[in-house]
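Below are the sequence and a predicted model for it; my questions follow.
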Amino acid sequence: MIRLNDFLDKLSIIKVLSFFLLIILVFTLIPMVFKIHLGSLFFKFILYGIMLLFFAYELNKIDFDEISFKAALRKEYDSIFKVSDICHISFIVIANILFVSAVYFILRYLSHLSIIHFNSPLFGDFRALGIAILVLYLFTVVILAPIIEELLFRGLFLRRFNKELNVTSAILISSVLFGICHNFGGILGAILFGICVSILYIKSKNILEPIFAHFLNNLLSFLLALSGVEYLIQSNLIIIFLIIILAIVSNFVLFKAIFSEWPESME
């Protein structure tokens, strides 16, 4: 039976990466030539928007006699909650946010001791932002980013590395690549999240499952930033300590689950 994965396997990874880098180059040069400032968020919105159109165009061109890309996508969409466990996905998202928060507060403490220099925000504070910026952030980070990043790191990199190496190397390499695309404070959390959604993808064989988990993670982070919770707990040592304890407990459970569910192959 033809599935969405078969369409992803037909994509040329060189073509995708070449187009991706070309768009980055073009939209890096345009502001320099025309003396305009796009802003990092708008730049990302344009980049991911064009990449979404590119993926849709390339996948729609692929021809299988049995089924079209649109029909395969519809089938995967109809089956996602039949193969998914929303409780497991929610636990992964919450454990990851707790883990990133704990790492953030530890780094802030080390920075306070002048051991390292670290001043990145955890979620940020969006309460003072205008509605236009919030909508742009919602579309870019919450909606577009999960689709494009999962298609790249799980749909392409994970599957290609598995064919060339083995499933363990594929999970680890694709997750590390995913991690280093994030800011310094979030790298470890992104690697851990990448490993978790890679296992979800391999178990379900449905690319929409890691996309949904990624969407849920980014949505929750967005809502936390919108609430300004980060700055409410900055000076509350009891809450910070509680977050670190919860992160240790939840990630102990998560790591046990990762080792017990680690796949032997992608078949």
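Thanks, I have it.

tell me which residues in the worst-scoring helix or strand of the chain on mean pLDDT are buried?
Of all the helices and strands that make up the chain, the one with the lowest confidence by mean pLDDT, DSSP states H and E is helix 229-233; it has a mean of 78. Of the residues in helix 229-233, those scored as buried under the neighbour-count criterion (16 or more other C-beta atoms under 10 Å) are 229-230, 233. Heads up, the C-betas are built off the backbone N, CA and C, glycines and all.

and which of those is nearest residue 20?
Relative to residue 20, the closest of the buried residues of helix 229-233 is residue 230; by C-beta to C-beta it sits at 31.5 Å.

Would you agree that closest one is in contact with residue 121?
Yes: taking C-beta atoms under 8 Å as the definition, residue 230 is a contact partner of residue 121 at 6.7 Å.

what's around residue 210, how many residues?
Applying other C-beta atoms under 10 Å, we find 28 residues neighbouring residue 210.

Name the nearest residue to it, ignoring sequence neighbours.
By the measure of C-beta to C-beta, 6 or more residues apart in numbering, the closest residue to residue 210 outside its immediate chain neighbours is residue 197, 3.7 Å from it.

how near is that neighbour to residue 30?
33 Å (C-beta to C-beta, to the nearest Å).

Which one of these two is surrounded by more residues?
When neighbours are counted by other C-beta under 10 Å, residue 197 and residue 30 differ, and residue 197 comes out ahead with 30 against 13.

hey, where'd the helices end up in the protein?
For the chain, helices defined by DSSP state H occupy the ranges 4-10, 13-34, 40-61, 69-83, 86-112, 131-137, 145-150, 159-164, 167-180, 187-204, 208-227, 229-233, 237-261.

Of these, which is nearest residue 125?
Of all the helices of the chain, helix 229-233 sits nearest to residue 125, with 5.7 Å by C-beta to C-beta.

got a pLDDT number for the nearest residue to residue 68 once chain neighbours are set aside?
Leaving out its chain neighbours, the residue that sits closest to residue 68 by C-beta to C-beta, 6+ apart is residue 60, at 7.9 Å. With respect to pLDDT, residue 60 has a value of 93.

same question, the one 4 residues further on
At residue 64, the model reports a pLDDT of 86.

can you check residue 228 too?
pLDDT recorded at residue 228 is 79.

Now do residue 119, the pLDDT please.
The predicted local distance difference test score for residue 119 is 76.

gap between the residue nearest to residue 95 when sequence neighbours are not counted and residue 94?
Nearest residue to residue 95, sequence neighbours excluded (C-beta to C-beta, 6+ apart): residue 250, at 4.1 Å. As for residue 250, its distance to residue 94 is 7 Å (criterion: C-beta to C-beta).

For residue 129, give me its contacts.
With contact set as C-beta atoms under 8 Å, 6 or more residues apart in numbering, residue 129 has these partners: residue 137.

Now with 10 Å, please.
For residue 129, the contacting residues are 136-137, 225-226, by C-beta atoms under 10 Å, 6 or more residues apart in numbering.

Low-confidence stretches in the stretch 51-200 of the chain?
Of all residues in the stretch 51-200 of the chain, those with pLDDT under 70 make up the ranges 82-84, 184-185.

redo that, cut-off 90
Confidence mapping of the stretch 51-200 of the chain against pLDDT under 90 gives the ranges 63-67, 75, 77-88, 101, 103-130, 181-188.

How far does stretch 3-14 sit from its chain's centre?
Mean-position distance between stretch 3-14 and its chain equals 19 Å (C-alpha atoms, centre = their mean, to the nearest Å).

swap that for stretch 114-123, sorry
For stretch 114-123, the distance between its averaged C-alpha position and the chain's averaged C-alpha position is 22 Å (C-alpha atoms, centre = their mean).

Can you give me the buried ones in it?
Of the residues in stretch 114-123, 122-123 count as buried by neighbour count, 16+ other C-beta under 10 Å.
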